[in-house]
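# The following block contains a protein sequence and its predicted model.
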Amino acid sequence: MKSFTLIVIVCLFLLSCGPINSRYKAQPTGSFAGYGYGEISTDGSNSAYTVHFLGTSTMHVEKVGLYAQFRCSELTKEHGLNYFIVDHEDTVVNEYMTDQAHTSYFVSKKIRMFQGTKPQIANAFDADSLIALLTSQIER
């Protein structure tokens, strides 16, 4: 947990040094520098992941959360599955100063992905439905 917290802090610091942008994109491979999404498999079966989105200071927390949710949907479809369950969600707020005060957000979601009938619970999401619903709100 300490290493994950350290990674988040480093990401947020590096974000404060980077260009301002709010487009949906992956973080550079093998890097935590800059904004964007990423994911880490949390089990050997590739059905459980921690998905995150690191936003810029121009992005509201709602957009950062929406981008993280969208990435969960994409990842689910990439694995040939149709729904996911969010087991845990965290939002980290980073406040920093340059020539003025800035705030940026880091949202992470621990998910498990499945094939079959989505259960009728609040933290279960149909990947196709979310992609259809959110696509118009994603800036590429």
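Received it, and whenever you're ready, just let me know what you need.
# Only C-alpha atoms from now on, for both contacts and neighbour counts.
OK.
# Need the contact partners of stretch 77-94.
12, 47, 72-73, 76, 103-116, 118, 123-128 (Cα atoms under 8 Å, 6 or more residues apart in numbering).
# which of those are buried?
Neighbour counting by 16 or more other Cα atoms under 10 Å classes 12, 47, 72-73, 76, 103-114, 124-127 among the contacts of stretch 77-94 as buried.
# Name the residues of stretch 56-73 that come out as buried.
Buried-residue list, stretch 56-73, by 16+ other Cα under 10 Å: 56-57, 59, 61, 63-73.
# What average pLDDT does that stretch get?
The pLDDT scores in stretch 56-73 average 95.
# residues in contact with it?
Residues from elsewhere that reach stretch 56-73, judged by Cα under 8 Å, 6+ apart: 15-16, 20-22, 24, 35, 37, 51-55, 83-84, 102-109, 111, 126-128, 130-131, 134, 138.
# Show me the helices in this protein, by range?
Along the chain, the stretches classed as helices by DSSP state H are 2-17, 61-78, 127-134.
# now stretch 74-86, how far from the centre of its chain.
Chain-centre distance of stretch 74-86: 14 Å, with Cα atoms, centre = their mean, to the nearest Å.
# Go through the buried residues of stretch 56-73 and name the one nearest residue 42.
residue 72 (13.9 Å; Cα to Cα).
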